[in-house]
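A.B. asks: Based on what follows, work out the 3D shape:
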Amino acid sequence: MNYRDHAEEQDETIPDSPMLFGKAPTAVTNPEDPIVHPDPNGAEQVDYEVELAVVIGRDITDASESDVYDRIAGYTVVNDVSGRTAQQSDGQFFRGKSYDTFAPMGPVLIADEDFDPNSADVELRVDGETKQSSNTEEFIFDVGELVSYISQSMTLRQGDVIATGTPGGVGIFRDPVEVLEPGQTVEAEIEKIGTLRNPVVAK
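C.D. replies: Here you go, the predicted model:
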């Protein structure tokens with residue numbers, strides 16, 4: 001929860017520090033490759049989350065906010081696809097976030113000097129209909145704060161990817177709920193990076 005509008009749609013107070021969780025690396029998949037719905041018969045609610053991804057270029061440990069930017073290789077788009085049923089059942093995020101194909105990433109990596117990560121439009125569309133639309137100016141914790149905070153607890157290695165949170169408009173908090181179904185196409189777009197497009201298919 002790192003966008004003010006996402007906190008508001010959950011009726012949550014603005015957090016004092018970032019809340020961290022992991023995704024298995026086996027969840028990563030390519031642009032245009034399918035998001036595989038693990039159970040389209042209704043036992044799993046699959047949701048979308050457009051996020052700015054920070055890719056680490058050099059190892060970072062115990063770094064200040066001002067020091068982290070020259071350790072970043074660049075930025076890309078990630079769709080933090082989420083199995084809400086597993087998430088709610090487990091009471092934590094790892095399994096629901098880590099189904100195979102639940103981390104589409106791309107389409108390109110752009111360098112820091114070409115991009116302001118803390119002031120970029122973000123949008124997600126399902127079958128052409130806009131579901132999320134915001135700007136990273138809505139961040140509760142900007143990129144420098146996030147990377148510095150994480151580095152206080154663990155060393156970040158070259159190639160690590162940090163997903164920076166999603167704005168409001170996710171399917172599970174819509175009324176009525178709108179989750180992903182096989183046959184749909186998801187497009188996650190971030191200004192100056194491009195559009196990450198993936199179809200949803202049945203397992």
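A.B. asks: from here on, contacts and neighbour counts on C-alpha atoms
C.D. replies: Will do.
A.B. asks: could you pull out the helices for this protein?
C.D. replies: Secondary structure of the chain, counting by DSSP state H: helices at 4-9, 84-90, 94-97, 143-151.
A.B. asks: Of these, which is nearest Tyr69?
C.D. replies: Closest approach to Tyr69 among the helices of the chain (CA to CA): helix 143-151, 6.8 Å.
A.B. asks: Distance from the chain centre to that closest one, please.
C.D. replies: The chain centre lies 16 Å from the centre of helix 143-151; the measure is CA atoms, centre = their mean, to the nearest Å.
A.B. asks: which residues are in contact with that helix?
C.D. replies: With CA atoms under 8 Å, 6 or more residues apart in numbering as the test, helix 143-151 has contacts from 18, 54, 60-66, 68-69, 117-118, 156, 162, 164.
A.B. asks: Would you point out which residue is most central in the protein?
C.D. replies: Closest to where the C-alpha atoms of the chain average out (CA atoms, centre = their mean) is Glu51, at 3.4 Å.
A.B. asks: Relative to Arg197, how far out is that one?
C.D. replies: Distance of Glu51 to Arg197, given as CA to CA, to the nearest Å: 13 Å.
A.B. asks: Turn the helices of the chain into CSV, columns for mean pLDDT, mean neighbour count and distance to Ser134.
C.D. replies: Shown next, in CSV, are those (pLDDT from 0 to 100; neighbours: other CA atoms under 10 Å; distance: least, CA to CA, whole Å):
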stretch, mean pLDDT, mean neighbour count, distance to Ser134
helix 4-9, 78, 18, 8
helix 84-90, 94, 15, 22
helix 94-97, 96, 20, 22
helix 143-151, 97, 21, 16
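A.B. asks: closest to Val177 out of these?
C.D. replies: Nearest of those (CA to CA): helix 84-90, 11.4 Å.
A.B. asks: Just checking the distance from that closest one to the centre of its chain.
C.D. replies: Taking CA atoms, centre = their mean, one finds helix 84-90 lying 18 Å from the centre of the chain it belongs to.
A.B. asks: in the protein, which spans are strands?
C.D. replies: Assigned by DSSP state E, the chain shows strands spanning 28-29, 35-37, 46-47, 50-56, 72-79, 82-83, 103-110, 121-126, 129-135, 161-163, 185-190, 194-202.
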